[in-house]
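Undergrad: pasting the sequence and the predicted model now:
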Amino acid sequence: MTLRGVTARNRSWVPPMCQYSVEQQDGMATDWHMVHLGGLARGGAGAVIVEATAVTPQGRISPQDLGLWNDEQRNALAPIVEFMHSQGAVAGIQLAHAGRKASTYRTFEPNRSGSIPLSDGGWETVAPTAKPYPGLATPAALDQNGMHDVIAAFRSAARRAMDAGFDLLEVHGAHGYLLHQFLSPLSNDRQDAYGGSLENRARLLLQVVDAVRQEIADDVPLLVRLSAVDWVDGGLTIDDTVQVVQWLHNHGVDMIDVSSGANMPATIPTGPGYQVPFAQAIRTRTGVPTAAVGLITEPFQAEQLLVTEQADVVLIGRESLRNPNFPIHAAETLRHTSPPTPTPYHRAYR
């Protein structure tokens, strides 16, 4: 799979998955990230995309998130990128700002959940308007200066990602985080140039994409993760997302990582490949390459999605946590003559 100047050895990629493992709360990658990400690269993935990495301290989902707002964080990521490269994987990173869903306890925190009080190390969150996500703290509405700072933070983080050696970048515009909050009418009722019409609600996302695209080399692919639908009446529809994807492509985006939901509580009918139809619709209606994600767990299932051209890449998330060697397993199952096995492991596959 080739995007711009980057070729991945296969189409089984690892999507960004938050680890909430920065115990010093300084945004710095740790030994955990080296072993976790390095193991996935060693397991044969075509590309491994680092978890949602905050572009500002305020943009972290939890205090234990990775960050890329200073050079020390860049320097901590660089050897991880180098190791992923040594294992044959393309190294990607997702840049993110959590907006009104920031400053929360990590999901596995014992007996604690929701927004972290200021007295316990939390911070004030921001959003398009002062509308909280249900059950979380009320955010402050971003003004023009605040939006300018967000754009500048994405730009700076993109430059640091390039300096750390990453091959591709992804902007997080999904799952109810800041850029999705602007896109969705459920969370954006601004009355200025950033609210109202879909074109206005997409403005900040496009400005962020422009800033990132300007900061990275022409041969570096740029992805955007989108929630294709909100799964709530009055929210984003697939027609809205198709239009946004057309705009994104015109602004230099090379692939859409297609997810759904998470901007408001919703009842989502999950099942194997439940989000694939969105990836297929976007791919068919726009001609823009897509990556499919969501309960893709079996080699023949993943291969069928590619052969029938429902998506260009399969993102193997939870199954990669259960089996970091999924691409090797898939290659064997599909009787590929050269599975992406590390040389020291060859004896196990003879």
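TA: Happy to help now that I have it.
Undergrad: going forward, measure contacts and count neighbours with C-alpha atoms only.
TA: Noted.
Undergrad: in CSV, list the C-alpha atoms belonging to stretch 264-276.
TA: As requested, C-alpha coordinates have been extracted for stretch 264-276 and formatted as CSV (Å, rounded to 0.1, in the frame of the first residue of the first chain):
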residue,chain,number,x,y,z
MET,A,264,-22.9,11.9,22.5
PRO,A,265,-24.2,8.8,24.3
ALA,A,266,-25.8,6.5,21.8
THR,A,267,-27.1,3.0,21.2
ILE,A,268,-24.7,1.6,18.6
PRO,A,269,-25.5,-1.8,16.9
THR,A,270,-22.1,-3.4,17.1
GLY,A,271,-21.0,-6.6,15.4
PRO,A,272,-18.2,-7.9,13.2
GLY,A,273,-17.2,-5.2,10.8
TYR,A,274,-20.1,-3.0,11.9
GLN,A,275,-18.4,0.2,10.7
VAL,A,276,-17.1,-1.1,7.4
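Undergrad: for that stretch, what is the distance to the chain centroid?
TA: Here the centre of mass of C-alpha atoms in stretch 264-276, compared against the chain's by C-alpha atoms, centre = their mean, to the nearest Å, lies 18 Å away.
Undergrad: with stretch 248-267 instead?
TA: With C-alpha atoms, centre = their mean as the basis, stretch 248-267 stands 9 Å off its chain's centre.
Undergrad: would you mark the buried spots in that stretch?
TA: Within stretch 248-267, the residues that qualify as buried by neighbour count (16 or more other C-alpha atoms under 10 Å) are 248-249, 252-264.
Undergrad: then stretch 186-194?
TA: Those would be 186-190, 194, for stretch 186-194 by 16+ other C-alpha under 10 Å.
Undergrad: now these as a markdown table including pLDDT and distance to V81?
TA: Compiled in a markdown table, those are given as follows (pLDDT from 0 to 100; distance: C-alpha to C-alpha, whole Å):
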| residue | pLDDT | distance to V81 |
| --- | --- | --- |
| L186 | 98 | 38 |
| S187 | 98 | 36 |
| N188 | 98 | 37 |
| D189 | 96 | 40 |
| R190 | 98 | 40 |
| Y194 | 98 | 36 |
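Undergrad: now the helix or strand of the chain with the lowest mean pLDDT: buried residues?
TA: Comparing helices and strands within the chain by mean pLDDT, DSSP states H and E singles out helix 326-333 as the least confident, with a mean of 95. With burial defined by 16+ other C-alpha under 10 Å, the residues of helix 326-333 counted as buried are 326-332.
Undergrad: what helices and strands are in contact with it?
TA: In terms of contacts (3 or more C-alpha pairs under 8 Å, 6 or more residues apart in numbering; DSSP states H and E), helix 326-333 is packed against helix 299-307.
Undergrad: and whatever helix or strand comes next after the helix it packs on, how far out from the chain's middle?
TA: Following helix 299-307 in sequence order, the next helix or strand is strand 313-315 (DSSP states H and E). Taking the mean of its C-alpha atoms, strand 313-315 sits 13 Å from the chain's own mean (C-alpha atoms, centre = their mean).
Undergrad: contact partners of strand 313-315?
TA: Residues outside strand 313-315 that contact it (C-alpha atoms under 8 Å, 6 or more residues apart in numbering): 11-15, 290-294, 296, 302, 305-306.
Undergrad: also stretch 253-265?
TA: Taking C-alpha under 8 Å, 6+ apart as the criterion, the residues outside stretch 253-265 that touch it are 3-4, 133-134, 174-177, 180-181, 184, 186-187, 209, 221-232, 245, 268, 275-276, 278-279, 288-294.
Undergrad: for ChimeraX, what selects the buried ones among those residues?
TA: To isolate the buried members of the contacts of stretch 253-265 in ChimeraX, using 16+ other C-alpha under 10 Å:
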select :3,133,174,175,176,177,180,181,184,186,187,209,221,222,223,224,225,226,227,228,229,230,231,232,245,275,276,278,279,288,289,290,291,292,293,294
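Undergrad: filter the contacts of stretch 253-265 down to the ones in helices?
TA: Among those, DSSP state H puts 180-181, 209, 245, 276, 278-279 in helices.
Undergrad: just give me the closest of the buried residues of stretch 248-267 to P128.
TA: N263 (12.8 Å; C-alpha to C-alpha).
Undergrad: hang on, the earlier thing: mind telling me the two of the buried residues of stretch 248-267 farthest from one another?
TA: Of all pairs in those, the most separated under C-alpha to C-alpha is G252 and M264 at 29.1 Å.
Undergrad: specify the local secondary structure of D257.
TA: Each residue gets one of three states, and D257 gets strand by DSSP: H, G, I helix; E, B strand; the rest coil.
Undergrad: any idea how far S259 is from N70?
TA: To S259, N70 is 29 Å away according to C-alpha to C-alpha, to the nearest Å.
Undergrad: how about P15?
TA: 11 Å.
Undergrad: in the top helix by length along the chain, what's buried?
TA: Secondary structure of the chain per DSSP H: the longest helix is helix 144-164. Judged by neighbour count (16+ other C-alpha under 10 Å), helix 144-164 contains these buried residues: 147, 150-162, 164.
Undergrad: next: stretch 122-135.
TA: By 16+ other C-alpha under 10 Å, the buried positions in stretch 122-135 come out as 122-133.
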